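Engineer: sequence first, then the predicted structure:
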Amino acid sequence: MTKINLNRLEFEWRRIRQIPLPTLVGKATAKLLGLGLGLTLLPVTVLLHLLGYRHVTIFTDRIGHLALEPDCLLKEQALGTIPHRKWIMLAPPSRVANEHLLTYWQPHFHIVHNYFACFLLASMSRWGLMRYDISHYARAIGKAQAAYRIYSEWGGRLPTLNLTPEDEAWGKEMLQSLGVPEGAWFVCAHAREAGFSPIDEELHKHRNSRIGNLAEAMREVIRRGGWIIRMGDSSMHTLSSMDKVIDYAHHTLKSDRLDIVLCAKAKFFLGNTSGIAYVSSVFGVPCALANLIPVATLGFNSSDISIPKLIQSQTDHRYMNFDEILGSDIANYQYASQYDARGLAVIENSSADICLLVTEMLDRLEGRFVETRQDRERQAAIRNLFTKDHYAFCSASGLSTLFLRAHTELLPEPIPAKETVAARLGSALNAPIGP
């Protein structure tokens, strides 16, 4: 049992002890009933399995997984990596992060909403037959997430999803209702806060950040003629009033449908380690990602750029460099308690660093960002530290060049460009895949 799993187990055990006894009995009874149904219906399960039906284990509760996991499956299928099947997605109403996003997957999946039907199909597939486990896409613990390999293989192909003509027209009207003039461009901005998921906040509190640290970057977008639409929910801190900034998280027009349209229509998404940014990813919108944690995390599309949170030793108040982090298990630390146990502080990015990230993204999108040979060598030096066990191994994206210029003290010694990990990535992309 790894330490990372023990952290999760300890948390789950505390949660179980807080559940009322009648509820626990009900859950246990449902588990036993599911096991019995699975055995009773095994002949039917075998038949459906032979006919090509597969229950795909998509985590519909979180919008990032609801976006990324079906997208990876369809990309693999289009690439010929996996065979075509009759895919089934279980989506009981209380466990769907965004109902409108679900409509975009409707043409590709048999989506089951009924509670009893979901329970029945989950019971039938629990023994492995009629089941396709995709947890390795973005839920692998302490190792590379297959989503990075899949996105790298996909390369510059068109995105899987595009807005429907109906959503295009409706979105145009809604943007004007929000106050964005016709023809104006905008950036979606988001900072994860504690109210997002109170039930497991103690595990993931290190992923939070302050929306105020995005203000300087917002002003840069506005200076260049854009608008800012702040994404999120009503549990978040309200934004101070700024010209051309819309606090959509608290707006009366907020809806599941508009969430998706905004993510799909943004010039880019200014995000972090929170799943809403990946809605933009599946629609092919670039992401500028700040405050990424674990450190071995990057964006998925080649157009994405990222900056990680900094890791500080609480004993000598020194920032750890990339060699130290990526050369140890700290690179993949997933839970707040892991950093605490090692005497490490997770430091969110400064306003200046986030502004550099946004400046670089805007320059890249405008085709005027210039990367030097030394910049490429710095990127290569970082990527050379990634191994097959790091989350973002095989990622097609990289860190912000301007961030690396500003933090040379965190970098390893540059390596010649011809010795980059490109060859290693190429071999990895051709390697056999997971389950």
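Structural biologist: Yes, it's here. Residues are numbered from 1 along each chain as shown.

Engineer: pLDDT value on the nearest residue to T315 once chain neighbours are set aside, please?
Structural biologist: Distance criterion Cβ to Cβ, 6 or more residues apart in numbering; nearest residue to T315, sequence neighbours excluded, is G343 at 5.8 Å. To be clear about C-beta, it is placed using only N, CA and C from the backbone, and glycine gets the same treatment. Here, the pLDDT recorded for G343 equals 95.

Engineer: so what's G343 up against?
Structural biologist: The contact partners of G343, taken as Cβ atoms under 8 Å, 6 or more residues apart in numbering, are S313, Q314, T315.

Engineer: please put the alpha-carbon coordinates of stretch 290-306 into PDB.
Structural biologist: C-alpha atoms of stretch 290-306 as PDB (Å, rounded to 0.1, in the frame of the first residue of the first chain):
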ATOM      1  CA  ALA A 290      -1.300  29.000 -13.400                       C
ATOM      2  CA  ASN A 291      -0.900  27.400 -10.000                       C
ATOM      3  CA  LEU A 292      -0.600  23.900 -11.300                       C
ATOM      4  CA  ILE A 293      -0.100  21.200  -8.700                       C
ATOM      5  CA  PRO A 294       1.300  18.500  -8.600                       C
ATOM      6  CA  VAL A 295       4.400  20.100 -10.100                       C
ATOM      7  CA  ALA A 296       4.600  17.300 -12.700                       C
ATOM      8  CA  THR A 297       1.400  18.600 -14.300                       C
ATOM      9  CA  LEU A 298       1.100  20.400 -17.600                       C
ATOM     10  CA  GLY A 299      -1.600  21.400 -20.100                       C
ATOM     11  CA  PHE A 300      -3.000  18.800 -22.500                       C
ATOM     12  CA  ASN A 301      -3.000  20.600 -25.900                       C
ATOM     13  CA  SER A 302       0.200  21.700 -27.600                       C
ATOM     14  CA  SER A 303      -1.100  25.300 -27.600                       C
ATOM     15  CA  ASP A 304      -1.300  25.300 -23.700                       C
ATOM     16  CA  ILE A 305       1.300  26.900 -21.500                       C
ATOM     17  CA  SER A 306       1.700  26.400 -17.800                       C
END
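
Engineer: how about it: buried residues?
Structural biologist: For stretch 290-306, the neighbour count (16 or more other Cβ atoms under 10 Å) marks 290-301, 303-306 as buried.

Engineer: wait, which of those is closest to I199?
Structural biologist: I293 (19.5 Å; Cβ to Cβ).

Engineer: I'd say that closest one and N208 touch.
Structural biologist: No. Using Cβ atoms under 8 Å, I293 makes no contact with N208, being 9.9 Å away.

Engineer: doesn't P70 make contact with T60?
Structural biologist: No. T60 lies out of contact with P70 (Cβ under 8 Å); the separation is 9.4 Å.

Engineer: nearest to A249, of the contacts of G343?
Structural biologist: Nearest to A249 among those: Q314, at 32.7 Å, using Cβ to Cβ.

Engineer: excluding residues flanking it in the chain, which one is nearest the closest one?
Structural biologist: G343 (4.7 Å).
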